[in-house]
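**Student:** structural data only, the sequence is not supplied:
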């Protein structure tokens, strides 16, 4: 009898079913240093205790994307081991900062199911909540994946397609408790722009490019506990290349976006996103953003900027679709997100 | 006069001679994160404070293999700088967990010597004991290496070949103090199998493969303080390739073995082992295990599983020897070890 | 309007101008482990709490070069974003140890300016002081860079060329407070030589070589916050190669120098240095040192050794210049520095 986890197939899921992905994983100083080594991030709050303390936090929290990746990774064995594709995200919201020494876990509920017309696969919608060891929620996200059926003859479930928000309303964004940007400018940050400096429709070229390395994306992907074979094993793909984990591209794009979005200290929501084209070692990843919206939050002095954050392996900033209305071949990621910055 | 350490040659060793390899090296959070980035390990106790506390430990200890590598690495300048080959291990026993912030050192005693018939090299048997900064022993191991003579005309020593245990008896396995698996299952671990689920003779395919990268094995090898040139320097080997440190392969195999051995939380002994074929960047490392024995320990609820843990760069799980009774060319490592898991 | 920082050009600088490069960056356990993974350093004090405590420090400080790189990196956005070349260093002095958990920042004053005769570039001399979060100075350095003009027609400034010390006088070296080497030898260190064992003119071959990897130098360069494109982006250079950051070579040479300079625990000053030839992945970096001077310090038992520390990608130890009096093509780095060691 095989001792290895075969994972769940489409017919194993039922709406309402809940998974407790365990165990909690402790994250700390090491993850912070590795994050700064793997990604060119320079956002101040997450790497500077003095800056974090200047804005009311107890110390520098771990990068928001560390939390996202760790929570996402915890769900892979139950949710996406037999996934053909990660189709999308919705209503991703960070609920509070995570600090070195915290332990992170996740639970997931199936909120939708629909068999595909080919009878071989189906779509599973889930809501995942990341938790810390104090039992507090730190992240909530919806994603949907295409999952293989074990048995093509298994009867399809009654289709349930959840009603998903296109965009997280600004009033639902959760500003970290005690966050106060009043002394932000005096904390030594290099952040020339504030919310009022950004105009809807503005495209920001983040300029820098980073050429991808197999050793780097593999280290990142292991750290985020994503175990999908295609990221590690050159024999698992016909081209003999390892496919770079989409989460690595998200972190790369977010880090590159510092250049032009210096004060966008917190990633607070992802409204939606798609990994559009594959990325492999040797590709040079760049990023640009388009300002989609601006909003105030319930916390005085804290504004929210809605961005289309795009990662590419070439092409002009702002270029997204071709004449055929399809994504250009160099576009890697199209992410719709909210970030927090001082007003 | 050369200031660099030429290392010891065969004729410099005497039975009974003791080396204090210093200094103690402090290990911490950073090593833990790097370990998770370099190896696909997912064993819960070593990465989760809550799980470790649920089974009686004060917090998540550092991976057992970090301890092995650090202790081993400390001995290299005195023992294996002029080694032609690391021939084998015996009676490797972990004696207690090591926690972030501890400092590790080692002392070694020569326990055997035998010149080879070619007169150019000899075999040195040593027992190394790893210690922490409280002066406690944390690891004990025997290994033997083939070492070059400085002077081929130096007289051979009286041969002393130690009597080595083929297998560490189950009653000699040291279960971590205070370990209590009673609440293990409630700590959120993903570990479907217990000792009773494994049958002697069973072969477990750990399925996943990881393609090797030079940057990764070099980072690991530096972290474990192994300074042998062949691991770092393409000019040191005729093929212009760096040879991957055997310790990196052991950690890779152990990490891969999670898939099928999820509850084997502690590596507690290595009975023997051989690095059978070389491994270089581009090779894809896989692993399989054969169950050799099962035993109870003196601690209620804690069982021991004796495994043959094999790393390969191809071939079927369970395939070890060819028709010629030699190891198959794709076999990299053949390790005989004991792990601890709940009964 | 572009939101990205275009950096300063030559005509933007004025003698006396001061930059506060913010924010402070917190450094910790993770940086220490990564440093040991990226460089083959084995100096005891910086990796062993017990050894550090044996010589009077509170615990193992972070490697001196981590401090140098972090302080240097903090200045890049203000000083060298439009630099054509980093021309030299002078009067680099470490002022006190930095410990895990400290936060590092820097301020810089322009101390010299001189337009080049081509009218397109100029030389900017700066003094940078690294500070910790207690407001204490931890490092002081002078460097000069060649910076592009934005507008070639901008008028040249009055030339001010600072008078730079060729060598930091031994009496200006700052020995860490409380440093006492009396018990150093009993702390288990492997350091056979003391100051008196080194003779002026002696050349020490550090023997080992390390083949460079893109993933490694990129991780290091991000960790040190150096954002220059040439280090990350194969499209930024005609040859399609990434240029390895000079700071990576300095750390590599310093780490390699352990082999022969085992007791040179502290880098305490850099008198001058030049990155002589470019280095790229695949090159194998070696190092050798020449003893230039020895001195006592104001602290009893603490000696200083002045070294020419040379990194190469080939050639004999001691070979520096060709028949044409130019650096040999394999020489990468020529660094003149002071290290501290026991008398």
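**Tutor:** Thanks, I have it. The structure displayed is predicted, hence computed values, not measured ones. Residues are numbered from 1 along each chain as shown, chains lettered A, B, ... in the order given.
**Student:** okay, now the residue in the stretch 101-250 of chain A that chain C sits nearest to: neighbour count?
**Tutor:** As assessed by C-beta to the nearest C-beta, chain C sits closest to residue A:188 within the stretch 101-250 of chain A, at 2.5 Å. From N, CA and C alone the C-beta is placed, and that goes for glycine too. Residue A:188 is flanked by 21 other residues according to other C-beta atoms under 10 Å in any protein chain shown.
**Student:** ok, residue A:76 next?
**Tutor:** Quick note: residue A:76 (other C-beta under 10 Å) scores 18 neighbours.
**Student:** which other helices and strands contact the helix or strand where residue A:145 lies?
**Tutor:** According to DSSP states H and E, residue A:145 maps onto strand A:137-148. Applying 3 or more C-beta pairs under 8 Å, 6 or more residues apart in numbering or on different chains; DSSP states H and E, one finds that strand A:137-148 makes contact with helix A:64-79, strand A:83-94, strand A:103-115, strand A:121-132.
**Student:** do the first one and chain B meet?
**Tutor:** Think helix A:64-79. Yes - applying C-beta under 8 Å from any C-beta of the partner chain, one finds helix A:64-79 touching chain B at residue A:77.
**Student:** weakest of the helices and strands packed on strand A:137-148 in terms of mean pLDDT?
**Tutor:** Note on the helices and strands packed on strand A:137-148: lowest mean pLDDT is at strand A:83-94, with a mean of 92.
**Student:** helices or strands up against the helix or strand following the strand holding residue A:145?
**Tutor:** With elements assigned by DSSP H and E, the helix or strand that comes after strand A:137-148 is strand A:203-205. Counting by 3+ C-beta pairs under 8 Å, 6+ apart, the packing neighbours recorded for strand A:203-205 are strand A:284-296.
**Student:** tell me the strands beside the strand it packs on, with direction?
**Tutor:** Paired strands of strand A:284-296, with direction, are strand A:203-205 (antiparallel), strand A:210-211 (antiparallel), strand A:302-312 (antiparallel) (DSSP bridges).
**Student:** if we can go back for a sec, nearest spatial neighbour of the residue of the stretch 101-250 of chain A closest to chain C, skipping sequence neighbours?
**Tutor:** Once flanking residues are discounted, residue A:188 sits nearest to residue C:22: 2.5 Å by C-beta to C-beta, 6 or more residues apart in numbering or on different chains.
**Student:** on that earlier part again, got TSV for the strands paired with strand A:284-296, with mean neighbour count too?
**Tutor:** Compiled in TSV, the strands paired with strand A:284-296 are given as follows (neighbours: other C-beta atoms under 10 Å in any protein chain shown):
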stretch	mean neighbour count
strand A:203-205	19
strand A:210-211	23
strand A:302-312	24
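**Student:** closest to residue B:83 out of those strands?
**Tutor:** Relative to residue B:83, the nearest member of those by C-beta to C-beta is strand A:210-211, separated by 38.1 Å.
**Student:** residues in contact with that closest one: which ones?
**Tutor:** Defining contact as C-beta atoms under 8 Å, 6 or more residues apart in numbering or on different chains, one finds that strand A:210-211 is touched by A:40, A:252, A:256, A:282-285, C:214, C:218, C:232-235, C:242.
**Student:** quick one: which of the residues you listed sit in helices?
**Tutor:** A:252, A:256, C:214, C:218 (DSSP state H).
**Student:** which one of the residues you listed is nearest chain B?
**Tutor:** Nearest to chain B out of the ones in helices among the contacts of strand A:210-211 is residue C:214 (C-beta to the nearest C-beta; 7.5 Å).
**Student:** coming back round to it: closest one to chain B out of the contacts of strand A:210-211, please.
**Tutor:** Distance ranking of the contacts of strand A:210-211 against chain B, using C-beta to the nearest C-beta, places residue C:214 first at 7.5 Å.
**Student:** who are the contact partners of that closest one?
**Tutor:** Contacts of residue C:214 (C-beta under 8 Å, 6+ apart): A:211, A:213, B:215, C:242, C:281.
**Student:** residues near the third one, how many?
**Tutor:** Neighbouring residues of residue B:215 were enumerated by other C-beta under 10 Å; the total is 25.
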